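**Q** give me a model of this one.
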Amino acid sequence: MTKIRAVIFDLYETLITEYSSGSRKVSRVSRDYKELIGLPNNEFSKEWNNRQEMRMTGAFPNYFSVIKDIIEKQNLTYDEKVIGSLYRERVHEKSVPFHEITEEIIELLEGLTKKDIKLGLISNCTEEEVQSWKSCKLARYFDEVIFSYQVGYAKPDNRIYELACSRLGVKSNECIFVGDGGSNELDGASRYGMNAYHATWFIPDYISSRITNYKKLKEPIDLFEELKRSEI
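**A** Okay, here's the model as predicted:
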C-alpha cells in the first residue's frame with residue numbers, strides 16, 4: 001500500500017461543529033426576514049439555497065452581494081443598515097465553533113504533525129464563514145488551506161483536490177481525505193484518487209447512515225489506525 005504523506009480535512013462538522021446536543025449553538029429562530037427585508041423566512045431560505053454554488057465559488061464576492069441580489073430579484077428595496085446587521089450576526093454565528101474546538105481534534109492534529117504528515121484543509125465556504133480561521137487554534141497546524149470562494153471552485157470539483165495535492169507536493173494516492181460527507185466531498189476525493197474516510201464524530205447516526213460506501217471514523221483517534229495500515 002502507498003505510504004500516506006498528507007491528510008486533507010474538511011472544516012465544518014469535521015474539525016469544528018455548529019451543533020451541540022442536536023441544536024445549533026447560535027439559534028436562527030429570532031431572524032424574521034419578512035420584517036427585515038420583506039421576504040418570508042421560507043422564501044428567503046429557498047433563494048439563499050438557490051445561490052449555494054455561486055456563493056461557494058465566489059461568484060458572489062461577499063454576503064452583501066448575495067442579499068442584495070435576493071432582494072432586487074424580488075423587486076424589493078433594501079436598507080444598508082439592515083444588511084450590515086444581518087452580516088454581523090452571521091459572522092458571529094460562524095465564529096462560535098472556532099472558539100470551541102475539542103481536545104480530541106487538537107490531539108489528532110498534534111499526532112499527525114509529529115508523524116511528519118502534511119496537513120491540508122479544503123472548505124466550501126464564503127468570506128464571512130471563515131473570518132475566525134486565522135485566530136483559531138487549528139490554523140497553526142496546517143501547511144495549506146483552501147477556501148472555495150477564494151479559488152473559484154468547490155468540492156466535489158476535481159480541481160480543488162488537484163490544487164490541494166499540488167500545493168502540498170503529494171500525489172492523490174499518497175493522501176487521505178477526511179470529511180463529514182457534505183457536498184459529495186467524499187465522492188469527489190475518491191474520484192480524484194484519494195483515500196476518502198467518513199468523519200462521523202460530530203454528526204448523528206441518522207445522517208451518517210446515509211453514506212455507506214466509505215470507511216467511517218467514529219472518533220478522531222481512529223484515523224491513526226488507518227495510517228498504521230498504510231505503513232504495513
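**Q** thought residue 112 was touching residue 8?
**A** No - with contact defined as CB atoms under 8 Å, residue 112 does not reach residue 8; the gap is 11.2 Å. In short, each C-beta sits where N, CA and C put it, glycine included.
**Q** and the helices in this protein?
**A** Here the chain has its helices, by DSSP state H, at 33-37, 41-50, 52-56, 63-73, 80-95, 103-114, 148-151, 158-168, 185-191, 205-208, 222-231.
**Q** nearest to residue 16, of these?
**A** Nearest to residue 16, of all the helices of the chain, is helix 103-114, at 7.9 Å by CB to CB.
**Q** shaky segments in this protein?
**A** The model of the chain has pLDDT under 70 over residues 1, 232.
**Q** distance from the chain centre to stretch 198-210, please.
**A** On the basis of CA atoms, centre = their mean, to the nearest Å, stretch 198-210 sits 15 Å off its chain's mean C-alpha point.
**Q** quick check: domain ranges of this protein?
**A** Domains of the chain are assigned by automatic domain parsing as 6-20+100-231, 23-96.
**Q** mind listing what residue 130 touches?
**A** Residues in contact with residue 130 (CB atoms under 8 Å, 6 or more residues apart in numbering) are 11, 94, 123, 147.
**Q** tabulate the residues you listed (CSV), appending distance to residue 58.
**A** Listed next are these as CSV, based on distance: CB to CB, whole Å:
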residue, distance to residue 58
11, 16
94, 17
123, 13
147, 9
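**Q** send me stretch 19-31 as CSV with only the CA atoms.
**A** The C-alpha coordinates for stretch 19-31 follow below in CSV (Å, rounded to 0.1, in the frame of the first residue of the first chain):
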residue,chain,number,x,y,z
TYR,A,19,-24.2,22.0,16.8
SER,A,20,-24.4,21.0,20.5
SER,A,21,-26.8,18.3,21.7
GLY,A,22,-28.7,18.3,18.4
SER,A,23,-29.3,22.1,18.3
ARG,A,24,-27.4,25.0,16.7
LYS,A,25,-25.0,26.7,19.1
VAL,A,26,-26.4,30.0,17.8
SER,A,27,-30.1,29.9,17.1
ARG,A,28,-31.6,31.4,13.9
VAL,A,29,-35.1,31.4,15.3
SER,A,30,-35.2,35.1,16.0
ARG,A,31,-34.5,36.2,12.5
